[in-house]
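**Student:** no sequence for this one, just the structure:
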């Protein structure tokens, strides 16, 4: 029965018309449900997602995007903080003294996740490229992020290097103090973050 449901879900996803649009306030409940499945339960609270709606905006532009199907179900997210509208990532560890740019003119890629049945189809890259286009219009000098070092086959790092990001520093146990259930480690999370930067 479960296998049949999984197969139906995959077939259904492949047939639906997917599109990317700006992350809106009315998406918060759907994005929360999606991140609970994709990242880990309670990685994001509704209050945090509400804050990201605001933090991704600057000069009437929005740098965060959702991937939705033709039923408006969220199948992926790219949360992005506009230049000067962030204080750090989810964990501890940033090295602005190693950046070749003004931190106030630097944006932050918070999270990118795509539904597992849609991975490998280019949607993650499309989400990030949309965000990068907007960040350039916001006059960002660079984008910083934390890559998940233990991602399967280094998919997180390989993906970001393909977009032109380079490693700045390594932060062991980066997500350890976050009160959530990691899809890899359980609780607490013992994963490592690679701080990465892309100059625009």
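**Tutor:** Cool, got the structure. Since the model is a prediction, treat every value here as computed from it, not as a measurement.
**Student:** pick out the residue closest to the middle of this structure.
**Tutor:** residue 111 (1.6 Å; Cα atoms, centre = their mean).
**Student:** that one: which element?
**Tutor:** strand 106-114 (DSSP states H and E).
**Student:** just the mean pLDDT for the next helix or strand after that strand, thanks.
**Tutor:** Beyond strand 106-114 in the direction of the C-terminus, DSSP H and E gives the next helix or strand as helix 123-137. Mean pLDDT, computed over helix 123-137, is 96.
**Student:** so what touches helix 123-137?
**Tutor:** 18, 20, 59, 61-65, 67, 75-78, 80, 82-83, 107, 109, 112, 114, 143, 159, 162-163, 198, 200 (Cβ atoms under 8 Å, 6 or more residues apart in numbering). Bear in mind the C-beta positions are built from the backbone N, C-alpha and C, glycine included.
**Student:** check which element follows that helix along the chain.
**Tutor:** strand 142-148.
**Student:** run me through the strand neighbours of that following strand, direction for each.
**Tutor:** Partners of strand 142-148 in the sheet, by DSSP bridges, are strand 106-114 (parallel), strand 193-199 (antiparallel).
**Student:** buried residues, the last one. List them.
**Tutor:** If you call a residue buried by 16 or more other Cβ atoms under 10 Å, then strand 193-199 has these buried ones: 193, 194, 195, 196, 197, 198.
**Student:** what stretches of this structure score poorly on pLDDT?
**Tutor:** Applying pLDDT under 70 to the chain flags residues 1-16, 88, 91.
**Student:** any chance you could map the strands in it?
**Tutor:** 19-22, 57-58, 61-62, 65-68, 74-81, 106-114, 142-148, 166-171, 193-199 (DSSP state E).
**Student:** can you put the ones you listed in JSON lines and add distance to residue 28?
**Tutor:** Shown next, in JSON lines, are the strands of the chain (distance: least, Cβ to Cβ, whole Å):
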{"stretch": "strand 19-22", "distance to residue 28": "13"}
{"stretch": "strand 57-58", "distance to residue 28": "15"}
{"stretch": "strand 61-62", "distance to residue 28": "14"}
{"stretch": "strand 65-68", "distance to residue 28": "11"}
{"stretch": "strand 74-81", "distance to residue 28": "10"}
{"stretch": "strand 106-114", "distance to residue 28": "14"}
{"stretch": "strand 142-148", "distance to residue 28": "22"}
{"stretch": "strand 166-171", "distance to residue 28": "28"}
{"stretch": "strand 193-199", "distance to residue 28": "25"}
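**Student:** looking at the ones you listed, which is buried most?
**Tutor:** strand 74-81 (a mean of 26; mean count of other Cβ atoms under 10 Å).
**Student:** that strand packs against which elements?
**Tutor:** In terms of contacts (3 or more Cβ pairs under 8 Å, 6 or more residues apart in numbering; DSSP states H and E), strand 74-81 is packed against helix 28-38, helix 46-55, strand 65-68, strand 106-114, helix 123-137.
**Student:** between those, which one is nearest to residue 89?
**Tutor:** strand 106-114 (6.9 Å; Cβ to Cβ).
**Student:** which residues are contacting the closest one?
**Tutor:** 34-35, 38-39, 44, 52, 63, 67, 75-84, 86, 88-90, 96, 99, 123-124, 127-128, 131, 135, 138, 140-145.
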